[in-house]
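Novice: Provided below are the primary sequence and the corresponding predicted coordinates.
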Amino acid sequence: MHEAHREAAELHELSAKAHRTAAEYDEKGDPTAAEWHAARALEYSNRASILAQEAYNQSEEIVSL
């Protein structure tokens, strides 16, 4: 369970970094690179959300025992 929380947090950090990078490329006028980094950010964010939900569900199972 702790591993899932840690991995979700790491993915959230990667998502934030990819969002910042996308914004930088957008400001530089490179929409192709901005879109690529934004898509990566979404992938990281979606995966982090899934892991966080799994960790939450596991923690509920432990509490109900």
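Specialist: Ah, there it is.
Novice: going forward, measure contacts and count neighbours with C-alpha atoms only.
Specialist: Noted.
Novice: name the helices or strands packed onto the top helix by length along the chain?
Specialist: Selection of the longest helix in the chain by residue count, based on DSSP state H, yields helix 31-64. In terms of contact count using 3 or more Cα pairs under 8 Å, 6 or more residues apart in numbering; DSSP states H and E, helix 31-64 is assigned the packing partners helix 2-27.
Novice: on contacts alone, who are the packing partners of the helix it packs on?
Specialist: Under the contact definition 3+ Cα pairs under 8 Å, 6+ apart, helix 2-27 sits against helix 31-64.
Novice: Pull out the buried positions in the helix it packs on.
Specialist: Going by neighbour count (16 or more other Cα atoms under 10 Å), the buried part of helix 31-64 is 33-35, 37-42, 44-49, 51-52, 54-55.
Novice: What of stretch 9-29?
Specialist: Buried, per 16+ other Cα under 10 Å, within stretch 9-29: 9, 11-23, 25.
Novice: Let's test this: mean pLDDT of that stretch, rounded?
Specialist: Average pLDDT, stretch 9-29: 97.
Novice: centre of the chain versus it, how much separation?
Specialist: Put simply, stretch 9-29 sits 11 Å off its chain's centre (Cα atoms, centre = their mean, to the nearest Å).
Novice: what does it rub up against?
Specialist: Under the contact criterion Cα atoms under 8 Å, 6 or more residues apart in numbering, stretch 9-29 has outside partners 31, 33-38, 40-45, 47-48.
Novice: ok now stretch 28-42, how far from the chain's centre?
Specialist: Centre to centre, stretch against its chain (Cα atoms, centre = their mean), the figure for stretch 28-42 is 15 Å.
Novice: Stretch 42-55 too?
Specialist: 6 Å.
Novice: Show the contacting residues for the most centrally placed residue in the chain.
Specialist: By Cα atoms, centre = their mean, the chain has its centre lying nearest to residue 45, at 2.7 Å. By Cα under 8 Å, 6+ apart, the contact list for residue 45 reads 11, 12, 15.
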